[in-house]
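Student: Show me how the following folds:
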Amino acid sequence: MFDMTETTKLAGVALALLLAGCAVGPDYRTPEVSVPAAWHSAMKGGLKSVSPEAAQLAQWWNGLDDPQLSRLIEQATANNLDLKQAQARLREARARRGISAADRFPTLNAGASANRSRSRGRLRKRNLKYVKALAAAVTA
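Tutor: Residues are numbered from 1 along each chain as shown. Prediction:
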């Protein structure tokens, strides 16, 4: 197994070899490229100075004669939403995310109740016996 110093030395040697492989020799000369001063033949019809119609620009992909591209663009425009619909869907998605993220946070529930009653005579004794019996049943 390699220790850290051997790994560092090996990485340094590999880097030196890689850099040496990218260098050019001392006798390297830039190749000369011949570029014509003008075109050999004139363009058919020359350059058109007329801009295309707006209808042609709106469906520029039809000039490519690609049925798959045309089908994909038609599908995309059919499912395209205007800006207000897109904003409404974004608000809805954010609200749904907030609802689903609410389960991750702790909840705190509190409740309170008060009860007061007055009773006289035998009824009060019965209530006390019932409470004592209930307490005994719970603890037993």
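
Student: Just read off the phi/psi values of Val35.
Tutor: Dihedral pair for Val35: phi -120, psi 130, per degrees, to the nearest 10.

Student: whoops, I mixed them up, Asp103
Tutor: Backbone torsions for Asp103, taken as degrees, to the nearest 10, come to phi -70, psi -20.

Student: Distance of it relative to Thr77?
Tutor: Counting by C-beta to C-beta, to the nearest Å, the gap from Asp103 to Thr77 is 38 Å. Glycine gets a C-beta too; all of them are placed from N, C-alpha and C.

Student: try Glu53
Tutor: According to C-beta to C-beta, Glu53 stands 19 Å off from Thr77.

Student: Ser41 now?
Tutor: Here Ser41 is placed at a distance of 41 Å from Thr77 (C-beta to C-beta).

Student: Then Pro106?
Tutor: 47 Å.

Student: Looking at the two, which one has more neighbours?
Tutor: Taking neighbours as other C-beta atoms under 10 Å, Pro106 and Thr77 compare with Thr77 leading, 8 against 4.

Student: Stretch 104-111: end-to-end distance?
Tutor: End-to-end span of stretch 104-111 (C-alpha to C-alpha, to the nearest Å): 23 Å.
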